[in-house]
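Participant: Sequence and predicted structure, then a few things I'm wondering about:
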Amino acid sequence: MVFGLRGGSADEPAASPGASSGGPVVVTAPPSAAAGTEARCATLLGALPTTLDGRRARAVSTAPDRVVAWGDPPVVLRCGVPRVAVPPDTNKQFAINGVRWLAAARGSDVVFTTTDRAVPVEVTVPAHTATNPADVVAELSKPIAATIPATG
């Protein structure tokens, strides 16, 4: 699978998945959500696996109703993030298991953000810990597709 990376900007909310294995994963909470987001995020979080790509779920420092983390260094999923601008070059987007994604390099991590869901979802994958960061997104695409409707 081939996908494009775009550089992250300093004003994007950081997933900050840098935490020791002993305590909660320190994350930036998604911004306040529009009506209906909380319910859709709760449905998604209820459908997520407790183990992801061999990593066990971990506690998070903020917004446990919209943020989930697995492993150390952690993979972090944030539900209800701002929509990303989709570049006109459609080669920058790709579909996995019925969900469209845009990938961005952020430091040594890869940040994937849905581009076709009623409630955007962001997944930060530590690039150096996964043989292919898109494999993690493939596993998460199934519950996202099942719980958050696609947009037009």
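Facilitator: Right, received. Where do you want to start? Remember, predicted model here, so these are calculated numbers, not experimental data.
Participant: what comes up buried for the helix ranked longest in the chain?
Facilitator: Longest helix in the chain, counting residues (DSSP state H): helix 133-147. By 16 or more other CB atoms under 10 Å, the buried positions in helix 133-147 come out as 133-134, 136-145, 147. Where C-beta positions appear, they are placed from N, C-alpha and C, glycine not excepted.
Participant: Help me confirm that Val123 comes into contact with Pro74.
Facilitator: No: using CB atoms under 8 Å, Val123 makes no contact with Pro74, being 11.0 Å away.
Participant: on that earlier part again, contacting residues around the longest helix of the chain?
Facilitator: Taking CB atoms under 8 Å, 6 or more residues apart in numbering as the criterion, the residues outside helix 133-147 that touch it are 1, 3, 40, 43-44, 47-49, 52-53, 75, 77, 94, 96-99, 101, 103, 110, 112, 114, 117, 121, 123, 125, 127, 130.
Participant: export that helix as PDB, just CAs?
Facilitator: Extracted in PDB, the C-alpha atoms of helix 133-147 (Å, rounded to 0.1, in the frame of the first residue of the first chain):
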ATOM      1  CA  PRO A 133       1.700   2.200  10.400                       C
ATOM      2  CA  ALA A 134      -1.200   1.700   8.000                       C
ATOM      3  CA  ASP A 135      -1.700  -1.900   9.400                       C
ATOM      4  CA  VAL A 136      -2.800  -0.300  12.700                       C
ATOM      5  CA  VAL A 137      -5.200   2.000  10.800                       C
ATOM      6  CA  ALA A 138      -6.600  -1.000   8.900                       C
ATOM      7  CA  GLU A 139      -7.600  -2.600  12.200                       C
ATOM      8  CA  LEU A 140      -9.300   0.600  13.400                       C
ATOM      9  CA  SER A 141     -11.100   1.300  10.100                       C
ATOM     10  CA  LYS A 142     -13.600  -1.500  10.700                       C
ATOM     11  CA  PRO A 143     -15.100  -0.200  13.900                       C
ATOM     12  CA  ILE A 144     -14.900   3.400  12.600                       C
ATOM     13  CA  ALA A 145     -16.900   2.400   9.400                       C
ATOM     14  CA  ALA A 146     -19.400   0.500  11.600                       C
ATOM     15  CA  THR A 147     -20.100   3.300  14.000                       C
END
